[in-house]
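Student: no FASTA, just this:
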């Protein structure tokens with residue numbers, strides 16, 4: 001049994017003892033012993049700390065969650081690694097919008113992969129598509145080679161593919177450890193039928209991780225309906241700015257950006273609640 005569990009951790013979670021702190025390994029052993037793994041996407045040190053306190057098994061570290069998550073700064077990665085012991089997977093996405101990248105953007109992605117690897121990332125999250133909505137196998141193969149030996153998740157670019165059944169086989173053949181998906185719909189709940197079909201198609205060869213709009217209200221239904229043992233959430237709450245003086249005539253972003261004096265941070269109590277629901281479900 002010990003050999004089987006160690007093999008699972010190495011092949012599916014890609015926890016390499018040579019790079020993972022013993023505490024992180026212990027946390028993941030406990031999580032898998034409970035039958036599930038909760039990944040929380042975060043874009044600040046505060047959210048990272050709160051996610052770990054609430055019982056998260058792994059972090060997806062991004063910037064700009066309002067745009068679906070972009071590559072974070074090296075400073076954010078380094079400080080987060082100082083404060084948390086659970087694995088930190090770093091988003092590699094040079095801009096918002098589609099997943100069809102120019103040569104210059106690919107160059108940025110290569111540089112970011114090298115930098116994140118050298119600054120302590122435990123895994124990476126990336127994806128790229130062709131203009132006709134297929135997985136860009138050539139580019140992904142190149143990025144996976146640059147990422148080795150780190151494990152890599154294919155992000156929700158998957159939800160924009162032309163044929164998810166074919167795309168899943170492509171990701172498996174390329175060597176991705178998992179795919180994050182809302183079932184090619186507006187949320188994981190809406191896309192649940194496809195997530196279930198993908199989980200059955202994968203047959204354990206590649207992890208299918210539901211994500212997108214997962215809350216305390218729908219997590220049990222998503223886990224029971226999909227069969228998945230990993231899930232992805234933000235578990236955020238609004239937090240008012242501590243600023244006393246406020247210039248309400250100026251905004252630092254576009255009209256549809258987040259409120260200037262409002263923050264979104266991972267909520268310890270929400271993470272704990274999701275953790276408890278998963279534990280009771282699985």
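Tutor: All right, it came through fine. The structure presented is a predicted model; accordingly, all values stated were derived computationally and were not measured.
Student: so what's residue 78 up against?
Tutor: Residues counted as contacts of residue 78 (C-beta atoms under 8 Å, 6 or more residues apart in numbering) are 119, 120. Heads up, the C-betas are built off the backbone N, CA and C, glycines and all.
Student: next one: residue 200
Tutor: residue 227.
Student: Next up, phi/psi of it, please.
Tutor: Dihedral angles of residue 200 (phi, psi; degrees, to the nearest 10) stand at phi -70, psi -40.
Student: What ranges does the stretch 51-200 of the chain have for its helices?
Tutor: Applying DSSP state H, counting those that start in this stretch to the stretch 51-200 of the chain gives helices spanning 74-83, 103-118, 137-147, 164-174, 192-202.
Student: Counting by contacts, list what the second one packs against.
Tutor: What it means is helix 103-118. If contacts are counted by 3 or more C-beta pairs under 8 Å, 6 or more residues apart in numbering; DSSP states H and E, helix 103-118 sits against helix 74-83, strand 123-126, helix 137-147.
Student: how close does residue 82 get to residue 167?
Tutor: Going from residue 82 to residue 167 by C-beta to C-beta, to the nearest Å gives 37 Å.
Student: returning to what we had before: right, and the helices and strands packed on helix 103-118 - which one's nearest residue 54?
Tutor: With C-beta to C-beta as the criterion, residue 54 lies closest to helix 74-83 of the helices and strands packed on helix 103-118, at 14.1 Å.
Student: pLDDT below threshold where in the stretch 151-282 of the chain?
Tutor: 254-258 (pLDDT under 70).
Student: again, 90 this time
Tutor: In the predicted model of the stretch 151-282 of the chain, residues 237-244, 246-263, 282 satisfy pLDDT under 90.
Student: where do the strands sit along it?
Tutor: Taking DSSP state E, counting those that start in this stretch as the criterion, the stretch 151-282 of the chain carries its strands at 152-154, 178-181, 207-210, 230-233, 236-240, 262-266.
Student: Tell me the strands beside the first one, with direction?
Tutor: Next to strand 152-154 in the sheet, as set by DSSP bridges, lie strand 123-126 (parallel), strand 178-181 (parallel).
Student: How far away from the center of its chain is that strand?
Tutor: 8 Å (C-alpha atoms, centre = their mean, to the nearest Å).
Student: Quick one: end-to-end distance for stretch 248-268.
Tutor: End-to-end span of stretch 248-268 (C-alpha to C-alpha, to the nearest Å): 30 Å.
Student: I misspoke; the intended subject was stretch 152-161.
Tutor: Start-to-end, stretch 152-161 (C-alpha to C-alpha) is 18 Å.
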